[in-house]
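Engineer: Fold the following, please.
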Amino acid sequence: MTRRPAALAFILFACACGRGLPAPVDVTSSDACTFCRMTVADAHVAAQVVARGEEPRFFDDIGCLAGWLKDARVPDGGVAFVADHRSAQWVRADRAVYTRASGVSTPMASSIIAHADRASRDADPAAMGGRTLSVADVFGSARLPGGDNGR
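Structural biologist: Below you'll find the predicted structure:
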């Protein structure tokens, strides 16, 4: 009898997680950028938009994601992710820390890199001396899918 509440709690947790935000997808060497059509060659500067029931949209440069968001119809329930430049782990775009690092060559020359947090940025030699950018600096007034602020 004492296991029943624990089992019920687990089931409720599992059901709640299934309705959460869609998860990022690993990018492969054959994926093309939705905006510029170049191959996504470097996972450390990539981005993506994912939505349930739709194919992920990959971007080879954070600048391409920003450009696409200006005119795109973002899928309902979509979430934008960017890669942490240091670790290549996916981070929600609305929560990332951005840097314009002039010493970093990105596919479309935006020189914008992202990190999960300040600690990751501070541990990345490529970000040293770069200019910190806000989410608004990077994406302007475009609606950022999955953003906490509804943008």
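Engineer: how about the strands in the protein?
Structural biologist: Remark: strands assigned in the chain by DSSP state E are 47-50, 57-59, 79-83, 90-92, 97-100, 112-115, 131-133.
Engineer: Include mean neighbour count, mean pLDDT and distance to residue 141 when you put these into TSV, please.
Structural biologist: Using the backbone N, CA and C atoms, a C-beta is placed for each residue, glycine as well. Output for these, formatted as TSV (neighbours: other C-beta atoms under 10 Å; pLDDT from 0 to 100; distance: least, C-beta to C-beta, whole Å):
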stretch	mean neighbour count	mean pLDDT	distance to residue 141
strand 47-50	26	98	17
strand 57-59	26	98	19
strand 79-83	27	97	15
strand 90-92	21	97	19
strand 97-100	22	98	16
strand 112-115	26	98	17
strand 131-133	14	97	15
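Engineer: hey, what's residue 113 bridged with?
Structural biologist: Using DSSP bridges, the bridge partners assigned to residue 113 are residue 99.
Engineer: Can you name the residues that contact it?
Structural biologist: Shown in contact with residue 113 (C-beta atoms under 8 Å, 6 or more residues apart in numbering): 44-45, 62, 85, 98-99, 101, 104, 106, 124, 126-127, 130.
Engineer: make it 10 Å
Structural biologist: 44-45, 62, 82-86, 96-101, 104, 106, 121, 124, 126-127, 130, 133 (C-beta atoms under 10 Å, 6 or more residues apart in numbering).
Engineer: Residue 124 now?
Structural biologist: 44, 84, 85, 86, 87, 99, 101, 104, 113, 115, 130.
Engineer: Would you mind measuring from it to residue 37?
Structural biologist: For residue 124, the distance to residue 37 equals 28 Å [C-beta to C-beta, to the nearest Å].
Engineer: next one: residue 46
Structural biologist: Taking C-beta to C-beta, one finds residue 46 at 14 Å from residue 37.
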